[in-house]
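Participant: Build me a model:
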Amino acid sequence: MIIQINELSLFKSILKVQGGLNVIKHSSTLGLFNIWFWCCLNKCLISPTTCYFKVYFEVIMSIKPSIVRIRPVTENDLETLYELASKTGGGLTNLPMDRDDLLSRITKSNHSLTEPNNQSTFLLIAERVNDNHPLGVVGLFVQAGAKSGFYTYKIETHLNASKQVDRKYLHDVLVLSGEYSDYAEIGALFVDPDARGKQLGKALVRASFLFVKQHRSIFPNKMCAEMRGWQGPNGEKPFWDEFLIKFFDMDFNQADKLNGTMGNYFLGELMPRYPIYFASLSQKIKDVIGVPHPDGKKAYEILQSEGLNLDGHHDPFDLGPCLSRDIELIETVKNARQGSFCPLGVKAGLIGQGTNEDFECFYDSEQTVDLSKLVSEYSCKDKINTGQIWIEKFE
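Facilitator: Alright, predicted model coming up:
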């Protein structure tokens, strides 16, 4: 029998009442049962399976590929994270190309959602709603140095003077610092190269700050970000290649992996314990101090647009720039609005709802769908009573 339009509409209504996409995408057996039951009640000869898949494809194909969901990772995302990590080119400490390490990070993130503490970490993943294709990832660390300290190199100016010869000189020096140890950190920001150019990096950063606002009591007063430093076309890293390798006797990738898996406490044990004078460094090293990795420039700009500022701290491995800010002064945290529902008509921005494992954000890269509809149409969560949180405009 040919499926009539009014019957197909009723099937879609049944699925909508039963949870819409939640039923269609995550509980197909229940969806088929509902259609079969309706057919029986109405003595209909239409095949339930035929109806179900007709509805499935019509609904799924109607979802715009520009609509993105950002949510906490689960153990089912292991291969997805590994796929993203394999595209970073290495050097992204908090997104290593190591399945065991990634699984450990996923497990820790899941545990943090239920039992948060100062060592908690949270990983959020962005995916297209229409096919769950992974687009990017971002991480939050409640206290960067909670376990073993967090080291950076800070630029200071020291005065060397002699009365006998009537000479005094100001010298810029690098001093090992643990100042960031009590800061929260945003890191592991990565967008699939094929998905760039649609402001997904900004969406991930803003979603992470909405998460912070939704869980404000967990986080300390300040947020920092450590950017990857400059790297040449052949992988050269001047500070490591010319200077630090003498103190570690290992290649950069090995040291970076230790940093990602064990924390950077070992830096304080092996690095020079006295200030490093700029005058003792080659011009090649001095030229790249504070210069971000070519692939990290966009993330650097996004974080600066959120109000994070340079503060003289640098990555201890490659002297990439570090940024920091009082959390309450971060643009998204400061300007995000909260309420039972986002007003109709707001299309440019990002909207979130829920807390802990129920937290999710939605973003339309084309900015043509009302933010309120993004949640009502595409959420796979049961009704959440914590209200909605949103940030308007995406410039």
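Participant: what's Asn356 in contact with, if anything?
Facilitator: For Asn356, the contacting residues are 72, 113-114, 215, by CB atoms under 8 Å, 6 or more residues apart in numbering. Glycine gets a C-beta too; all of them are placed from N, C-alpha and C.
Participant: can you pick the most crowded of the residues you listed?
Facilitator: Pro72 (21 neighbours; other CB atoms under 10 Å).
Participant: Tell me what it is bridged to.
Facilitator: Beta bridges link Pro72 to Leu124 when assigned by DSSP bridges.
Participant: hang on, it packs against Phe359?
Facilitator: Yes: between Pro72 and Phe359 there is a contact at 6.2 Å, judged by CB atoms under 8 Å.
Participant: okay if I get the contacts of Asn356 as a markdown table plus distance to His133, pLDDT and secondary structure?
Facilitator: Formatted as a markdown table, the contacts of Asn356 follow (distance: CB to CB, whole Å; pLDDT from 0 to 100; DSSP: H, G, I helix; E, B strand; the rest coil):
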| residue | distance to His133 | pLDDT | secondary structure |
| --- | --- | --- | --- |
| Pro72 | 18 | 97 | strand |
| Leu113 | 24 | 95 | helix |
| Thr114 | 28 | 94 | helix |
| His215 | 27 | 95 | coil |
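Participant: So of those residues, which two are at opposite extremes in space?
Facilitator: Thr114 and His215 (12.4 Å; CB to CB).
Participant: dump the residue contacts of Arg206.
Facilitator: 306, 332, 350, 361, 391.
Participant: quick revisit: of the contacts of Asn356, closest to Glu328?
Facilitator: His215 (14.1 Å).
Participant: hmm, back to that, now, among the contacts of Asn356, which is nearest to Asp192?
Facilitator: Nearest member of the contacts of Asn356 to Asp192, counting by CB to CB, is Pro72, at 18.6 Å.
Participant: Phi and psi next, for Tyr363.
Facilitator: phi -150, psi 130 (degrees, to the nearest 10).
Participant: Quick check: it vs Gly352, distance?
Facilitator: 10 Å (CB to CB, to the nearest Å).
Participant: ditto for Ala299
Facilitator: Taking CB to CB, one finds Ala299 at 20 Å from Gly352.
Participant: which of those two has more neighbours?
Facilitator: Legend: neighbour count by other CB under 10 Å for Ala299 and Gly352, higher for Gly352 (29 against 24).
Participant: Regarding Glu301, what is its secondary structure?
Facilitator: helix (DSSP: H, G, I helix; E, B strand; the rest coil).
Participant: wait, what's in contact with it?
Facilitator: Here Glu301 is in contact with no residue (CB under 8 Å, 6+ apart).
Participant: can you give me the strands in the stretch 51-200 of the chain?
Facilitator: Using DSSP state E, counting those that start in this stretch, the strands of the stretch 51-200 of the chain run over residues 67-72, 121-128, 134-141, 152-162, 167-177, 184-191.
Participant: I'd like these as CSV, with distance to Lys286 appended.
Facilitator: Formatted as CSV, the strands of the stretch 51-200 of the chain follow (distance: least, CB to CB, whole Å):
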stretch, distance to Lys286
strand 67-72, 39
strand 121-128, 34
strand 134-141, 30
strand 152-162, 11
strand 167-177, 9
strand 184-191, 26
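Participant: mind checking which of the ones you listed is nearest Lys222?
Facilitator: Here strand 184-191 is closest among the strands of the stretch 51-200 of the chain (CB to CB), at 6.9 Å.
Participant: So which residue is dead centre in the protein?
Facilitator: Val138 (1.3 Å; CA atoms, centre = their mean).
Participant: which one is that one nearest to, not counting chain neighbours?
Facilitator: Leu204 (4.2 Å; CB to CB, 6 or more residues apart in numbering).
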